[in-house]
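Q: The following comprises the amino acid sequence and a computationally predicted model.
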Amino acid sequence: MLRLTIVITFVLALGLLAAYGSQEPEVLRLATTTSTADSGLLDAILPAFEEEYNARVDVVAVGTGQAIELGEAGDADVILVHARAREDAFVEEGHGGPRSDVMVNDFILVGPTADPAGVQGMGTATEALATVAAAEALFASRGDDSGTHTRELGLWEAAGVSPDPTSGWYNSLGQGMGETLTYANEAGAYTLTDRGTFLSMRETLPDLAVMVGGESIAAIADSSLLNRYGVIPVNPEKSEAINAELAQAFVEWITSPETQQAIGEFGVEQFGQPLFYPDAGQ
Amino acid sequence: MNTLWDALQEALRLILDLDSGLVEIIALTLRVTGAALLLAVLIGLPIGAFLGLRSKIPFAGCLLPLIYTGMGLPPVVVGLFVYLLLSNQGPLGGLDWLFTPRAMVVAQTIIALPLVIGLTMTTLRGLDPGIQLQVRSLGATPTQTAWTIMTEARLGVLAAIIAAFGGIISEVGAVMLVGGNIEGQTRVLTTAIVLETRRGNFALALALGLILLAIAFVTNWLFHKLSDE
């Protein structure tokens, strides 16, 4: 009896959909990091997807860790994040997959134009950080457990330095990227930043210059400064609410040549260079 | 409920452990707020007394609203003002005070000053004008007169100091802006609470909040004891 009711309800619902709902867009729940949303990239590229597939994309922009957790809980159809080790674990544990490369952006080391530690133009961030530490030149750390802070700590470890916040030269601010850059500009400190935030604030940071990372991502010689974004459809067995078909369509769409080109063109007009570089199928 | 219970335990553990980082944060909080309060009282009490004891306040129509507005100054606006003053591009950039405890003292003094002036003034104006005449007729100099009346009005003056203290020790907007929340240098209790909340360490944040409340309570209890004697 229960089964019959379900079948009838289902048929009725289908009929309703056919009669009235043909125009109603399907919903795709995309869990992603704040950087893709805050930079304006998603606003620029998603309308094309929504139009092509008659879908609405609900973007949940959170930290990388939380975005992955949303996928694990089945509360998202697809995730777009940048934490390779955790992404691989996500796929291995059967939460979704396969993973595809989408795009890449980068971190840069910036510092006072006077460059008291003499690190400008060094090839790798670890070499530059070791020199900054040896010179005990002022360094500003996010100190807020963010993705950028985690990357900075990894670079210090690679440089063989364990910076001490009580030493006087290593300042842990516990604030956002904007505040940290403003502090570095005022105090004459070195800091690690994502290139996008630095470019968008450049006008207000007259005393800061790029130390390692060059003028654009093309000049990056140190792969430890690269930040790769991947897209993973969530395993549809997790929840009935998951729209696997649309998730797969999204993966194919965002790695398609047209969308990849749109990603590469985003930001060129405003900043003179892209904020993200297409990375699919390479 | 669990978070609250965890926080209480964490707070107790922190206080018992007296971790050196925490001691530093508490010491800086007391140093900055103490210095700002002292400056605000040293500058504000005489001004408040001067205005409160005059029978006619010069430019009262303009000055009084100005002081009352100052009593409600948004700390973050004061912080922004001090920031621009002390920044490299600002008129006092040469002092190199930005992102040091000195900048925090300057900002908190500016926040506390109108409170001390305004409340002292209104307390004195509320006193019976007869007292002033009486003291003067006994041959007191103006300074002696002011002192006598101040002791007469000590409860009101104390309320002014307590209000100023409460306003600045709990303030976060200005010290975050001009101090920078630098670990071991300019991190105070309020900015540490903001940071730990952002990190999702709610228990630790709440523990720091309880410590802040405890400090405020002890200080106010001391003030109260003082006024009783």
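A: Arrived safely.

Q: what does chain A have sitting close to chain B?
A: Neighbours of chain B within chain A, by Cβ under 8 Å from any Cβ of the partner chain: A:143-145, A:165-166, A:171-175, A:179, A:183, A:186-187, A:207. Glycine gets a C-beta too; all of them are placed from N, C-alpha and C.

Q: Would you mind checking those residues for buried ones?
A: A:143-145, A:165, A:171-175, A:179, A:183, A:186-187 (16 or more other Cβ atoms under 10 Å in any protein chain shown).

Q: so where's chain B uncertain?
A: B:1-3, B:200, B:229 (pLDDT under 70).

Q: Contact residues of it facing chain A?
A: Counting by Cβ under 8 Å from any Cβ, the residues of chain B near chain A are B:87-88, B:98-99, B:176, B:180-185, B:187, B:191-192, B:195, B:198-199.

Q: Let's see which of those end up in helices.
A: B:176, B:191-192, B:195, B:198-199 (DSSP state H).

Q: Looking at chain A, which strand is longest?
A: The strand that spans the most residues within chain A, counting by DSSP state E, is strand A:100-112.

Q: Show me what secondary structure element comes after it.
A: Tracing the chain past strand A:100-112, the next element assigned as helix or strand by DSSP states H and E is helix A:125-135.

Q: angle of that following helix against strand A:100-112?
A: Between helix A:125-135 and strand A:100-112, the angle comes out at 20 degrees (axes from the mean of the first three to the mean of the last three Cα atoms, to 10 degrees).

Q: And the residue lying closest to B:Arg198 once chain neighbours are set aside, how close does it get to A:Gly121?
A: Leaving aside its chain neighbours, B:Arg198 sits nearest to A:Asp144 (6.3 Å; criterion: Cβ to Cβ, 6 or more residues apart in numbering or on different chains). According to Cβ to Cβ, to the nearest Å, A:Asp144 stands 29 Å off from A:Gly121.

Q: One more: B:Ile182?
A: B:Ile182 is 29 Å from A:Gly121, where distance means Cβ to Cβ.

Q: of these two, who's got more company?
A: Neighbours of B:Ile182 and A:Gly121, each counted by other Cβ atoms under 10 Å in any protein chain shown, are more numerous for B:Ile182; the result is 23 against 11.

Q: Now do the contacts for that one.
A: Shown in contact with B:Ile182 (Cβ atoms under 8 Å, 6 or more residues apart in numbering or on different chains): A:171-173, B:99.

Q: Could you do B:Gly179 as well?
A: B:99-101, B:103-104, B:186-188, B:191.

Q: Just the strands from the stretch 1-150 of chain A, written as ranges.
A: A:26-33, A:55-62, A:78-81, A:100-112, A:139-141 (DSSP state E, counting those that start in this stretch).

Q: Save those strands as TSV, and put in mean neighbour count too.
A: Shown next, in TSV, are the strands of the stretch 1-150 of chain A (neighbours: other Cβ atoms under 10 Å in any protein chain shown):
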stretch	mean neighbour count
strand A:26-33	22
strand A:55-62	16
strand A:78-81	27
strand A:100-112	22
strand A:139-141	26
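
Q: Just put these in a markdown table and tack on mean pLDDT.
A: Putting the strands of the stretch 1-150 of chain A into a markdown table (pLDDT from 0 to 100) gives the following:
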| stretch | mean pLDDT |
| --- | --- |
| strand A:26-33 | 90 |
| strand A:55-62 | 88 |
| strand A:78-81 | 93 |
| strand A:100-112 | 94 |
| strand A:139-141 | 96 |
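
Q: can you put the ones you listed in CSV and add distance to A:Glu127?
A: Output for the strands of the stretch 1-150 of chain A, formatted as CSV (distance: least, Cβ to Cβ, whole Å):
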stretch, distance to A:Glu127
strand A:26-33, 28
strand A:55-62, 34
strand A:78-81, 29
strand A:100-112, 10
strand A:139-141, 15
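
Q: closest to B:Ala153 out of those strands?
A: Of all the strands of the stretch 1-150 of chain A, strand A:139-141 sits nearest to B:Ala153, with 48.5 Å by Cβ to Cβ.

Q: what about the nearest residue to A:Val119 once chain neighbours are set aside, how many neighbours?
A: Spatially, and ignoring its direct neighbours in sequence, A:Val119 is nearest to A:Ala128 (4.0 Å; Cβ to Cβ, 6+ apart). Neighbour count of A:Ala128, defined by other Cβ under 10 Å: 26.

Q: For A:Ala128, give me its contacts.
A: Contacts of A:Ala128 (Cβ under 8 Å, 6+ apart): A:109, A:117, A:119, A:122, A:211-212.

Q: of the residues you listed, the lowest pLDDT goes to which?
A: On pLDDT alone, A:Met122 ranks lowest of the contacts of A:Ala128, at 91.

Q: My read is that that one contacts A:Gly214, right?
A: No. With contacts counted by Cβ atoms under 8 Å, A:Met122 stays clear of A:Gly214, the gap being 11.0 Å.

Q: Which one's more surrounded, the two?
A: Each of A:Met122 and A:Gly214 has its neighbours counted (other Cβ under 10 Å); A:Met122 has more, 20 against 15.
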